[in-house]
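S.K.: No sequence on hand, only this structure:
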């Protein structure tokens, strides 16, 4: 169900974008901010983003969710976590988090951020062992909550 996605392939980027835009529209509504960078991605920006992507496919082969990250040494920095709204509350995001944690040998720290008003995402990270480490203002009156998880 979870597979590596070759984001450099245009058709794959189109498929990811079809999940990413609806997913991040929900977050934009929750936090009251439409300037979330993933909302403004294009196929071209995804193809050239230089992030590693994994996707969660349904039994029918439909892409229901994806995660992307950059790895720097023993740090895994999650850049995107998305689940299409049609597939919310099915454990997909948690499955993707656990998958990358278990399949990236040698990582010691995982970082992620989400809109402070996105309570569902914050709860997801907390349930998966992440600790809130602070907030950062990204636009006037708009903050993201920063999380870290340290692995043994």
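M.R.: Looks like it came in fine. Source: prediction; values computed, not measured. Numbering: from 1, shown residues only.

S.K.: Could I get the contacting residues of the residue nearest the centre of the chain?
M.R.: Ranked by distance to the mean C-alpha position of the chain (Cα atoms, centre = their mean), the top residue is residue 81 at 1.3 Å. For residue 81, the contacting residues are 67, 93, 96-97, 112, 114, 121, by Cβ atoms under 8 Å, 6 or more residues apart in numbering. From N, CA and C alone the C-beta is placed, and that goes for glycine too.

S.K.: Now with 6 Å, please.
M.R.: When contacts are counted by Cβ atoms under 6 Å, 6 or more residues apart in numbering, residue 81 touches 67, 93.

S.K.: and it, that's in a helix?
M.R.: No. According to DSSP: H, G, I helix; E, B strand; the rest coil, residue 81 belongs to no helix; its state is strand.

S.K.: What's opposite it in the beta bridge?
M.R.: Note on residue 81: beta-bridge partners residue 67, judged by DSSP bridges.

S.K.: Do I have it right that residue 51 meets residue 67?
M.R.: No. In this structure, residue 51 sits apart from residue 67 without contact. The criterion is Cβ atoms under 6 Å, and the distance is 9.5 Å.

S.K.: Please identify which of these two sits among more neighbours.
M.R.: Legend: neighbour count by other Cβ atoms under 10 Å for residue 51 and residue 67, higher for residue 67 (26 against 16).

S.K.: The more buried one reaches residue 94, doesn't it?
M.R.: No. When contacts are counted by Cβ under 6 Å, residue 67 is not listed as touching residue 94 (10.7 Å).

S.K.: Any idea how far the lengthiest helix in the chain is from the middle of the chain?
M.R.: Across the chain, the longest stretch assigned as helix under DSSP state H is helix 10-31. With Cα atoms, centre = their mean, to the nearest Å as the basis, helix 10-31 stands 10 Å off its chain's centre.

S.K.: and it, which residues are buried?
M.R.: Buried residues in helix 10-31, counting neighbours by 16 or more other Cβ atoms under 10 Å, are found at 12-13, 15-17, 19-20, 23-24, 26-28, 30-31.
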